[in-house]
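Visitor: Here is the input, now give the coordinates:
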Amino acid sequence: MSSQPAVQQSPSAPQAEPAQKSGAQIVWEVLVREGVEVVFGYPGGAIMPAYDAMPAYPIRHVLVRHEQGAAHMADGYARASGKVGVAIATSGPGATNLVTGIATAMMDSSPIVCITGQVPSTALGSDAFQETDITGITLPITKHNYLVTRAEDVAPALHEAFYIARSGRPGPVLVDITKDAQQGVARLEARRAPRPRHRRPVPRPTSEAIARAAVLIDAAERPLIFVGHGVVASGSTALVRELAEKTGIPVTSTLLGLGGFPASHPLNLGMMGMHGEAWVNASIQESDLLIALGMRFDDRVTGKLATYAVHAKKIHAEIDPSEINKNVRADVALPGDVRHTLQALLPVVQTRSRKAWLERIQAQRAEASTRDVQSIPCGEKLFAPHVLHDLWRLTEGKALVVTDVGQHQMWEAQYYKHERPRSLITSGGLGTMGFALPAAMGARFARPQDEIWVVAGDGGFQMTACELVTCAQEGLKLNIAIINNGYLGMVRQWQEFFYNRRYVATPLRSPDFVMLAQAHGLAAFRVTRREEIPEAVARARAEPGAVVVEFRVEQEESVYPMVPANTDLGNMIRRPVFEEDEEDP
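Guide: Residues are numbered from 1 along each chain as shown. You can find the predicted model right below:
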């Protein structure tokens, strides 16, 4: 009788008692408990035990082509869903490749958890192969991070990581787990601890502060409401609308606040700041009260601080108390969740009309609209603003748009009108080129039924174009619009305005984007005239998988208006009016 060969046990699957699990198994057990359905990652030696344990769990893994893509996908997933996104990488270069994506999430308050493998605890500090102090590296760009060296600490660290990532002001958390902690065994408690060790209560404004805010609002003649990212993150759109309609106060948005107040609402003025609407910036400088909701007064919003809205009192509602009085002094500070603050404020403000103030703003708006690129016939030229305007019109403003960083990002903000929250995903604070494609892929997993458009420049797109093959492998449906002007466009614009047109290192040679997409097995085509846009959009929407549409646009078109850095917000560079514009057929 022939003997059967002995079954080989995988060395990465330790023999454990029924009540115990390996650290690697605990990683996935915790992710399942936290409701995670998809993770984005790239395997390697130090994280291999966790990958070996993964197939036993009902979580989809997306194999990225670069770890930066994993972090951006987790970020896009988080922004589109409001849940925590998860990225996984190995030690050393795998972990350091996450850094840009982590910093992006930190600057924009996006809740992600990054799990990295680490060399065995006995090798820490020895400069072992692929050893990097990733907790030290990411300390300034995470809300918190952990180095886990024992299997019994895996579950508490991960549960706390999820709590910290989504609580208060959201943000990224990193959990670095040594290889021996993944291979060791520990008892996994049936229930997680009800209250994490690192718990910081969310502040609430006092009733006295709410009353003082109401007095300022009732007395103001030229007030403005500022909608920031915190309005979107807290789900406060309806409350902001109720406040604006009750008080008759017009509303303007930061870049990340777009969609937090419906673009079509009569009280919506548009975007503020460096590339905001001219009438918005002028109104800010004339206002007597600013009601800032969930925003942080960054330099792209304020221009020169010494001359910023000097006649206006400021009410600042913000979940992170450290942001209040950091850049702009608040007359009334309302620390806490914007939703709770608005719920307290709404019953105590008066109902009134501010017709004269609105009419003054609308007069400025009518004057500015005569300088808009939409009023200029394009003739043989294809202008990027025309592309974004027509995309908005053809999709009826219902698409989820994910942008990269640069001129196209500002044109999208100006010409694609967002009616609902979480309909624009973009890198604001860090300004990360290469963000759009992977972030849109993450958003696709969060919103499987939505129409999603990537809007990227020819420069930023090439930074993460490797993820096209991930799109193909995963069978993702994305519409990818590349706004190709042959330059690093925003840098070129600054060179034009401030460096006497010395275009140093900004002319950009790109691959044939159509052929590049086709090499990955994706559909692709090119647009060079405005009349071709409707058919191109229809073709892209009809494709079952990812499709690349390259728009060859006017090379030296600039974003207007523009407030030069560290200058008065009212000192805007406006679109020049040339005679040939009027005579262009």
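Visitor: okay, CA-based contacts and neighbour counts for the rest of this
Guide: Noted.
Visitor: just checking, Ile480 is part of a strand?
Guide: Yes: Ile480: assigned to a strand according to DSSP: H, G, I helix; E, B strand; the rest coil.
Visitor: Am I right that it is in contact with Gly545?
Guide: No: counting by CA atoms under 8 Å, Ile480 stays clear of Gly545, with 10.8 Å between them.
Visitor: who's more crowded, the two?
Guide: Set side by side, Ile480 and Gly545 show more neighbours around Ile480, with 25 against 18, by other CA atoms under 10 Å.
Visitor: Is the more buried one bridged to anything, and to what?
Guide: Ile480 has these beta-bridge partners by DSSP bridges: Val454, Val548.
Visitor: where in the stretch 101-250 of the chain is pLDDT low?
Guide: Within the stretch 101-250 of the chain, the segments meeting pLDDT under 70 span 191-196, 198.
Visitor: How many neighbouring residues does Leu476 have?
Guide: Residues near Leu476, counting by other CA under 10 Å, number 18.
Visitor: nope, Cys114 is what I was after
Guide: If you count neighbours by other CA under 10 Å, Cys114 ends up with 29.
Visitor: repeat for Val547
Guide: 29.
Visitor: May I ask you to confirm that it is in contact with Gly521?
Guide: No: Val547 is beyond contact range of Gly521, at 9.7 Å (criterion: CA under 8 Å).
Visitor: Strands of the stretch 351-500 of the chain, residue ranges please.
Guide: For the stretch 351-500 of the chain, the strands defined by DSSP state E, counting those that start in this stretch occupy 400-403, 424-425, 452-457, 479-484.
Visitor: Kindly reformat those strands as JSON lines containing mean pLDDT and distance to Trp392.
Guide: Below are these laid out as JSON lines (pLDDT from 0 to 100; distance: least, CA to CA, whole Å):
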{"stretch": "strand 400-403", "mean pLDDT": "98", "distance to Trp392": "10"}
{"stretch": "strand 424-425", "mean pLDDT": "98", "distance to Trp392": "12"}
{"stretch": "strand 452-457", "mean pLDDT": "98", "distance to Trp392": "11"}
{"stretch": "strand 479-484", "mean pLDDT": "98", "distance to Trp392": "13"}
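Visitor: Indicate which one of these is closest to Val84.
Guide: With CA to CA as the measure, strand 424-425 is the member of those nearest Val84 (15.3 Å).
Visitor: Pairing partners for the closest one, with directions?
Guide: Counting by DSSP bridges, the strands paired with strand 424-425 are strand 400-403 (parallel).
Visitor: Residues contacting the partner strand, please?
Guide: Here strand 400-403 makes contact (CA atoms under 8 Å, 6 or more residues apart in numbering) with 409, 412, 422-427, 435-437, 439-440, 450-456.
Visitor: list the contacts for the nearest residue in space to Ser234 that is not next to it in sequence?
Guide: Using CA to CA, 6 or more residues apart in numbering and skipping residues adjacent in sequence, the residue nearest Ser234 is Arg339, 6.1 Å away. By CA under 8 Å, 6+ apart, Arg339 lies in contact with Val231, Ser234, Gly235, Ser236, Leu239.
Visitor: Check the secondary structure at the last one for me.
Guide: The three-state label given to Leu239 by three-state DSSP is helix.
Visitor: what residues are up against it?
Guide: Residues in contact with Leu239 (CA under 8 Å, 6+ apart) are Arg339, Leu342, Gln343.
Visitor: pLDDT wise, what is Gln4 at?
Guide: Among the per-residue scores, Gln4 holds a pLDDT of 40.
Visitor: Just the strands from the stretch 51-200 of the chain, written as ranges.
Guide: In the stretch 51-200 of the chain, the segments counted as strands under DSSP E, counting those that start in this stretch are 60-63, 85-89, 112-118, 144-148, 173-178, 185-187.
Visitor: got TSV for these, with distance to Met490 too?
Guide: Conversion of those to TSV gives the following (distance: least, CA to CA, whole Å):
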stretch	distance to Met490
strand 60-63	32
strand 85-89	30
strand 112-118	29
strand 144-148	34
strand 173-178	32
strand 185-187	53
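Visitor: Please report how far the nearest residue to Phe445 once chain neighbours are set aside lies from Glu37.
Guide: Once flanking residues are discounted, Phe445 sits nearest to Tyr77: 6.7 Å by CA to CA, 6+ apart. With distances taken as CA to CA, to the nearest Å, Tyr77 is found 11 Å from Glu37.
Visitor: Looking at the two, which one has more neighbours?
Guide: Each of Tyr77 and Glu37 has its neighbours counted (other CA under 10 Å); Tyr77 has more, 32 against 16.
Visitor: Pretty sure that one sits against Ala439.
Guide: Yes: the criterion here is CA under 8 Å, and Tyr77 meets it with Ala439 at 7.1 Å.
Visitor: Low-confidence regions, this protein specifically.
Guide: Looking at the chain by pLDDT under 70, you get 1-19, 191-196, 198, 370-371, 375-377, 578-585.
Visitor: can you do 80?
Guide: Low-confidence segments of the chain (pLDDT under 80): 1-19, 190-200, 367-379, 577-585.
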